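**Student:** coords please:
(one chain, ligands or ions: 2)
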Amino acid sequence: MTGYILAIDQGTTSTRAILFDGEMKLAGSGQKEFTQHYPASGWVEHDPEDIWASVVTTVKAALKKAGRNASEVAALGITNQRETVVIWDRATGKPIHNAIVWQDRRTAPLCQKLKNQGLEKTFTKKTGLLLDPYFSGTKIAWMLDKVKGARKRAEKGELLAGTIDSFLIWRLTGGKVHATDATNASRTLVYNIAENAWDDELLDILNIPAKMLPEVKDCADDFGITEKNLFGAEIRILGVAGDQHAATIGQACFEPGMMKSTYGTGCFALLNTGSDLVRSKNRLLTTIAYRLNGKTTYALEGSIFIAGAAVQWLRDGIKVIGKAEQSGKLANEADPTQNVYLVPAFVGLGAPHWDAEARGAIFGLTRNSGPAEFARAALEAVAYQTRDLLDAMRKDWKGASAKTVLRVDGGMVASDWTMQRLADILDAPVDRPTILETTALGAAWLAGSKAGAWPDARKFAKSWALERRFQPDMDGSVRAAKLAGWRDAVRRTLSV
Ligand SMILES: Nc1ncnc2c1ncn2[C@@H]1O[C@H](COP(=O)(O)OP(=O)(O)O)[C@@H](O)[C@H]1O
Ligand SMILES: O=P(O)(O)OC[C@H](O)CO
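**Tutor:** Ligands and ions are numbered 1, 2, ... in the order given. The predicted structure follows:
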């Protein structure tokens with residue numbers, strides 16, 4: 001057996017396949033973007049066939065780049081965009097509808113109806129989540145309601161449901177395995193995170209037949225074997241985790257109190273709380289960080305919907321930059337005496353506000369405000385939002401000490417300006433590792449350690465290497481004034 005481990009990172013806008021060698025170094029990779037479908041305002045869909053095709057193509061590309069065969073791969077790990085959900089035909093493997101993506105807001109009326117019935121407490125107590133369209137459960141209910149004959153067929157056992165990992169496992173194993181892992185299950189709104197089981201009462205409320213749901217396994221577990229004809233040899237699937245959970249593992253945040261934040265399209269911060277299932281009083285989510293050898297580790301999560309997407313807005317929306325990497329330089333040119341704030345509620349606000357109806361706003365414009373002030377406001381918004389999450393985490397759990405160091409990853413951490421401003425606003429150090437593909441690395445570690453080809457968690461954690469630490473360097477009174485301005489801007493943006 002060789003130590004080559006393959007990771008599939010199935011993200012919101014693209015799929016990446018990465019082959020790591022026995023030294024956990026990148027040996028080859030492939031990436032493919034796919035089409036985003038916006039069939040109505042606030043709706044976001046993916047064609048599951050596009051996703052499947054991108055997976056097959058990128059795996060082949062990664063093997064080819066590395067000059068390796070599938071027979072040399074000891075194991076495969078899958079990590080995926082979370083909450084996005086597919087329903088497919090058990091007999092043919094064909095989806096009955098496009099995948100409904102995590103960003104999709106179509107089930108807001110259903111969530112409101114359930115809230116009006118006083119059910120949010122029940123959902124939160126059992127799942128650690130909130131009644132927001134973000135999560136999979138109401139999306140499954142919507143498809144069962146709207147696709148003709150779907151609920152009857154689901155009741156007869158003809159249809160299967162699952163998050164993207166589950167759909168890929170079904171396809172990769174040629175329809176032999178219908179499974180998911182505990183982290184993906186914990187994002188569905190129908191999984192009891194204290195009992196580690198699908199919850200009959202919640203399934204009943206949403207009218208979802210239990211028989212359409214996958215078996216829930218540990219993150220490092222036996223998820224079946226890929227069909228030989230796909231990649232030329234069978235590969236064992238031994239690791240699965242939602243992308244933010246895989247990044248937590250890839251950043252080696254194995255100890256309670258450790259925290260990572262990933263800055264891609266959105267920003268997702270996870271704080272490891274160990275075996276403590278912390279119930280947030282500040283509208284953070286409680287989630288399963290990972291489940292290994294039957295032992296569940298929990299996390300508090302703050303989810304921000306717009307981070308790098310605000311940089312895309314600078315580039316594609318108001319066209320003040322040509323490339324994302326120009327944003328830091330432009331922000332650096334902003335007039336320090338102007339207090340311009342952007343609240344990027346383009347698709348509502350996530351944690352800790354959860355305001356689906358709020359929309360983006362900009363405050364503090366003067367006749368001198370221009371592209372530089374807009375760029376600074378967009379980048380600073382990411383720092384302010386992370387600060388709001390950290391404050392909420394500290395209020396919720398004593399283990400989140402004032403000494404918390406943030407480990408960061410994702411496309412946006414390439415911006416030194418943003419990382420420095422993040423440290424300044426958090427008043428805490430920000431650590432950028434040498435390996436930025438932490439999500440894929442986390443999935444690879446799950447599979448590699450299960451295969452016995454990669455080191456255990458303790459040794460893996462020792463291999464984490466710092467590229468640069470950003471230390472806070474802002475006067476306390478300046479920080480306080482800036483935070484007061486931000487909080488005022490958010491107050492004026494909220495819809496209620
Ligand atoms: N140098 C940079 N400065 C600021 N933002 C950046 C920079 N490079 C990339 N980004 C932002 O990072 C995001 C891409 O990160 P990535 O982790 O690939 O996202 P995702 O996985 O969500 O598609 C984009 O929104 C882009 O605007
Ligand atoms: O695909 P990403 O990296 O934008 O992550 C999406 C998150 O998992 C959504 O919860």
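**Student:** the helix or strand hosting Leu230 - what's its average pLDDT?
**Tutor:** Per DSSP states H and E, Leu230 falls inside helix 228-231. Averaged across helix 228-231, pLDDT comes to 96.
**Student:** also stretch 323-341?
**Tutor:** On average, stretch 323-341 scores 96.
**Student:** which positions in it come out as buried?
**Tutor:** Ala324, Gln326, Ser327, Gly328, Leu330, Ala331, Ala334, Gln338, Asn339, Val340, Tyr341 (16 or more other CB atoms under 10 Å). The C-beta positions use only the backbone N, C-alpha and C, and glycine is treated the same way.
**Student:** kindly export that stretch (C-alpha atoms) in PDB.
**Tutor:** What follows is stretch 323-341, C-alpha atoms only, in PDB (Å, rounded to 0.1, in the frame of the first residue of the first chain):
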ATOM      1  CA  LYS A 323      -8.900  41.700  -9.700                       C
ATOM      2  CA  ALA A 324      -9.600  40.500  -6.200                       C
ATOM      3  CA  GLU A 325      -5.900  41.000  -5.200                       C
ATOM      4  CA  GLN A 326      -6.100  44.800  -5.900                       C
ATOM      5  CA  SER A 327      -8.600  45.300  -3.100                       C
ATOM      6  CA  GLY A 328      -6.000  45.500  -0.300                       C
ATOM      7  CA  LYS A 329      -3.800  48.100  -2.100                       C
ATOM      8  CA  LEU A 330      -6.800  50.200  -2.800                       C
ATOM      9  CA  ALA A 331      -8.100  49.900   0.800                       C
ATOM     10  CA  ASN A 332      -4.700  51.100   2.000                       C
ATOM     11  CA  GLU A 333      -5.200  54.300   0.100                       C
ATOM     12  CA  ALA A 334      -8.500  55.200   1.900                       C
ATOM     13  CA  ASP A 335      -8.700  58.500   3.800                       C
ATOM     14  CA  PRO A 336      -8.300  57.600   7.500                       C
ATOM     15  CA  THR A 337     -10.600  60.500   8.500                       C
ATOM     16  CA  GLN A 338     -13.600  59.100   6.700                       C
ATOM     17  CA  ASN A 339     -15.800  56.600   8.500                       C
ATOM     18  CA  VAL A 340     -17.400  54.700   5.700                       C
ATOM     19  CA  TYR A 341     -19.100  51.400   6.700                       C
END
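**Student:** which outside residues touch that stretch?
**Tutor:** Contact partners of stretch 323-341, identified using CB atoms under 8 Å, 6 or more residues apart in numbering, comprise 308, 311-312, 314-315, 320-321, 362-366, 368-369, 371-381, 411-412, 414-418, 482, 485-486, 489.
**Student:** derive a ChimeraX selection command for the buried subset of these.
**Tutor:** Applied in ChimeraX, the following selects the buried portion of these according to 16+ other CB under 10 Å:
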select :308,311,314,315,320,321,362,363,369,371,372,373,374,375,376,377,378,379,380,381,412,415,417,418,482,485,486,489
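**Student:** mind listing what's buried along stretch 445-460?
**Tutor:** In stretch 445-460, counting by 16+ other CB under 10 Å, buried: Trp445, Leu446, Ala447, Gly448, Ser449, Lys450, Ala451, Ala453, Trp454, Phe460.
**Student:** any idea how far Phe20 is from Gln31?
**Tutor:** Distance, Phe20 to Gln31, using CB to CB, to the nearest Å: 15 Å.
**Student:** sorry, slip of the keys, the one I care about is Met258.
**Tutor:** 29 Å.
**Student:** partner residues bridging Tyr263?
**Tutor:** Using DSSP bridges, the bridge partners assigned to Tyr263 are Cys267.
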